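>>> fold the following and give me the result.
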Amino acid sequence: MGFDSIDKLRRGVAKARSIDEATSRTVSRSEGALEVESLQSIFADEEKQALFGSLLKSRTPTVDFLNEIWRKRNAKEAWTPQELAFLQVERIEFADRLKLAEKARETFDPEFIEYMAETHGAFQLFAGFYTPDRAAELLHLQFGNLAMVRPDELRKSLKTFDEIKKKKESKEYKNNVKEFEAIRKRHDLSDEELADILKGSKTPTREKVTQNVLTERMGAFGKGIDWLSGYRVKLKLPDIRVTSGPVNPNANMFGRIADWVSTVQVDVRSTPDIKVSRGETFSQKQAHDIVAALSKNEKAKVRTEVEKHMKSIGSVFALATVKDDIFMKAVSDEVAGIAPVSRNRLEGGASSLQHFEQKKTALSNPAIQEYFRANRDAEAGTLYNKTWYGLQDDAQRDAVRDKIISRIETEHKVEGRGVIAQMVHALLQHILQKLRTDKRTLMPNDPRPPKDRNRNQGRNNQNRNQQRQNP
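Predicted coordinates:
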């Protein structure tokens, strides 16, 4: 979509205001053929497993239903017909959503995204941190997640974009652009001057800015003349009454004139009255006319409809970025120089089957028992200022076990939304449930280790030597 002078103005005004088993099958849909991938293929792809997980989470009947699917996969148990049917339907839906995300990436190119970043306030809260190319790259990444969880919003933005293109090709819109250009050229207004004039929403403010623009061109002498043009002088003439006496009807012309002149009386009943007041100067009148013309052009129906559609698309861009807390946390880390935004980071590291296998090993019974033995003394010291073997009863030992279970939960929790993250979450919840149910077996109270005889013998000899020295 090309940008015209109205778009250029809109961008200037905004600046002034804010400084997506190698088996697959094809499924036919109204938008065209869909390539439906196998679950194995989806799980093996870092990007696709993350998006598929988001889709499943948004469409699952219940959270427990989805957790049970992943628990069975982790335990290599067979899925029920209902679970298999759910995954089959979602694979097809997933292919459709991937196609939607790709269409959005093709439609909203970096140039359009840069334009929206400069003209839409909420979206600018994200895009303002980045170069145009990086902002577009990250927004394109987020189109995948938006297609999974809010597809109607993304479809709406694509439809709105098509509406904008149609309206811009209409005769009404093209005439509006021509009228705008005529106003600008007639008054020799630059892009910066127009942006300054229209950044304010109220007419008096716009007129004041326009007048300042006009008077700045005049120079000192011109400003003086403009100031004088505001004076209004009203002169009230004196009230003069003229009367005359009778004229001799028998006299000749000269005699009659003489009789009239000799009887004329002039009566001045008032003095002249001069009132001076201030009105519009030349620059004020011109500013009023310019602002009125610009406002009329701005309020044209086709123009306001395009503005409304632009705001609608900007809101969807904001929904994909600034209203996604996980994404914005990653953005903050990138801006702070901690780590760049990536799919692996958005998934809390849970973006590959390898990561899941690592978690599975770390949450195995031997690993948990080793972790318990390594941390029980520290937790006992924190709670009771004792070592594990110094605890007096099972209640205190259970309290230490509970603290260690909480540490395991905190250390292995992931914030990701993908399949791998959900599998890790299901595994963790299964392990935590087992630990809380049978904590004394899984985190046993090992027998106290035997004392070091040599070390004790040395201490006894030292005590006897001291007794001999101090009888």
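
>>> tell me the domain ranges of this structure?
Using automatic domain parsing, the domain parsing of the chain gives 5-172+309-335, 238-271, 353-413+438-442.

>>> where does this protein have low pLDDT?
Where the chain drops to pLDDT under 70, the residues are 1, 9-33, 226-279, 450-471.

>>> and P151, how many neighbours?
As a burial measure, P151 scores 17 neighbours (other C-beta atoms under 10 Å). Just so you know, the C-beta spots here come from the backbone N, C-alpha and C atoms, and that holds for glycine as well.

>>> ah, wrong one, I meant A350
26.

>>> tell me the contacts of N344?
Contact analysis of N344 by C-beta atoms under 8 Å, 6 or more residues apart in numbering lists E46, S351, S352.

>>> buried among those residues? Need that as a selection in ChimeraX.
Under the burial definition 16 or more other C-beta atoms under 10 Å, those of the contacts of N344 that qualify are selected in ChimeraX by:
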select :46,351,352
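
>>> assign a three-state SS to E35, would you?
Secondary structure, DSSP: H, G, I helix; E, B strand; the rest coil: E35 is strand.

>>> still on that earlier bit, let's see which of the contacts of N344 end up in helices.
Members of those lying in helices (criterion: DSSP state H): E46.

>>> any chance of the contacts of N344 in TSV, plus distance to S157?
Shown next, in TSV, are the contacts of N344 (distance: C-beta to C-beta, whole Å):
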residue	distance to S157
E46	26
S351	27
S352	32
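
>>> please enumerate the strands of the chain.
For the chain, the strands defined by DSSP state E cover 24-29, 32-37, 231-236, 240-243, 265-268, 273-278.

>>> if we can go back for a sec, which one of the contacts of N344 sits closest to I6?
I6 lies nearest to E46 out of the contacts of N344, by C-beta to C-beta, at 42.5 Å.

>>> if I look at the closest one, how far off is I69?
Look at E46 and I69: by C-beta to C-beta, to the nearest Å, they are 20 Å apart.

>>> F129 now?
38 Å.

>>> more neighbours: which of the two?
I69 (21 against 14).

>>> neighbours around K174, how many?
Using other C-beta under 10 Å, K174 has 13 neighbouring residues.

>>> next: G53.
If we define neighbours as other C-beta under 10 Å, then G53 has 26 of them.

>>> wait, what's in contact with the residue lying closest to it once chain neighbours are set aside?
Nearest non-adjacent residue to G53, counting by C-beta to C-beta, 6 or more residues apart in numbering: G418, 3.6 Å away. If a contact means C-beta under 8 Å, 6+ apart, then G418 has Q49, A50, L51, F52, G53, S54, E347, A350, S351 as its contacts.

>>> could you rerun that using 10 Å?
42-43, 46-57, 145, 343, 346-348, 350-352, 424 (C-beta atoms under 10 Å, 6 or more residues apart in numbering).

>>> what do you get for F86?
L56, R59, T60, P61, F65, L66, I69, W79, T80.

>>> what separation do you get for it and E68?
Relative to E68, and taking C-beta to C-beta, F86 is found at 11 Å.

>>> joint contacts of the two?
Counting by C-beta under 10 Å, 6+ apart, the residues touching both F86 and E68 are W79, T80.

>>> could I get the buried residue list for stretch 57-69?
Buried residues in stretch 57-69 (16+ other C-beta under 10 Å): K57, T60, L66, N67, E68, I69.

>>> without its sequence neighbours, what residue ends up closest to the second one?
Closest residue to T60 in three dimensions, ignoring its sequence neighbours and counting by C-beta to C-beta, 6+ apart: L66, at 4.2 Å.

>>> what number of residues lie near I404?
Neighbour count for I404, taken as other C-beta under 10 Å: 20.

>>> okay, now D45: neighbour count?
Using other C-beta under 10 Å: D45 sits among 15 other residues.

>>> go ahead and confirm it touches S352.
Yes. Counting by C-beta atoms under 10 Å, S352 is a contact partner of D45 at 9.4 Å.

>>> who touches H430 in this structure?
Contacts for H430 were tallied using C-beta under 10 Å, 6+ apart; they are N67, W70, R71, N74, A75, L363.

>>> again, only using 6 Å
Counting by C-beta atoms under 6 Å, 6 or more residues apart in numbering, H430 makes contact with R71.

>>> can you show me the CA trace of stretch 216-223 as PDB?
In PDB, the C-alpha atoms belonging to stretch 216-223 read as follows (Å, rounded to 0.1, in the frame of the first residue of the first chain):
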ATOM      1  CA  GLU A 216       7.200  34.700  11.100                       C
ATOM      2  CA  ARG A 217       7.400  35.200   7.400                       C
ATOM      3  CA  MET A 218       6.700  38.900   7.500                       C
ATOM      4  CA  GLY A 219       9.700  40.300   9.200                       C
ATOM      5  CA  ALA A 220       9.600  43.200  11.700                       C
ATOM      6  CA  PHE A 221       8.100  45.800   9.300                       C
ATOM      7  CA  GLY A 222       5.400  43.300   8.100                       C
ATOM      8  CA  LYS A 223       4.500  42.400  11.600                       C
END
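
>>> now do the buried residues in the top helix by length along the chain.
As assigned by DSSP H, the longest helix anywhere in the chain is helix 81-107. With burial defined by 16+ other C-beta under 10 Å, the residues of helix 81-107 counted as buried are 83, 86, 90-91, 93-101, 103-105.

>>> now swap in stretch 400-419 and tell me
Across stretch 400-419, burial judged by 16+ other C-beta under 10 Å covers 400-405, 408, 412, 414, 416-419.

>>> quick check, nearest of these to G337?
Of those, the one sitting nearest to G337 (C-beta to C-beta) turns out to be G416, at 22.7 Å.

>>> quick one: the closest residue to R105 other than its chain neighbours from F317, how far?
Distance criterion C-beta to C-beta, 6+ apart; nearest residue to R105, sequence neighbours excluded, is H140 at 4.7 Å. Separation of H140 from F317 (C-beta to C-beta) stands at 11 Å.

>>> got a list of what E207 touches?
A287, H288, V291.

>>> compute the number of surrounding residues for the second one.
When neighbours are defined as other C-beta under 10 Å, H288 has 16 of them.

>>> and for the first one?
Each residue near A287 was counted by other C-beta under 10 Å, and the total is 24.

>>> residue contacts, it?
Counting by C-beta under 6 Å, 6+ apart, A287 has contacts E207, T210, Q211.

>>> for S295, state which of those residues is nearest.
Nearest member of the contacts of A287 to S295, counting by C-beta to C-beta, is E207, at 10.2 Å.

>>> residues in contact with A339?
With contact set as C-beta under 6 Å, 6+ apart, A339 has these partners: D333.

>>> not counting sequence-adjacent ones, nearest residue to R407?
That would be N375: by C-beta to C-beta, 6+ apart, it lies 6.9 Å from R407.

>>> any figure for the gap between the one you found and L214?
The value you get for N375 to L214, if C-beta to C-beta is used, is 77 Å.

>>> out of those two, which sits in the more crowded spot?
Comparing N375 with L214 by neighbour count (other C-beta under 10 Å), the higher total belongs to L214, at 22 against 16.

>>> the closest residue to that one other than its chain neighbours: neighbour count?
Closest residue to L214 apart from its sequence neighbours, by C-beta to C-beta, 6+ apart: S283 at 4.5 Å. Other residues near S283 number 23, with proximity taken as other C-beta under 10 Å.
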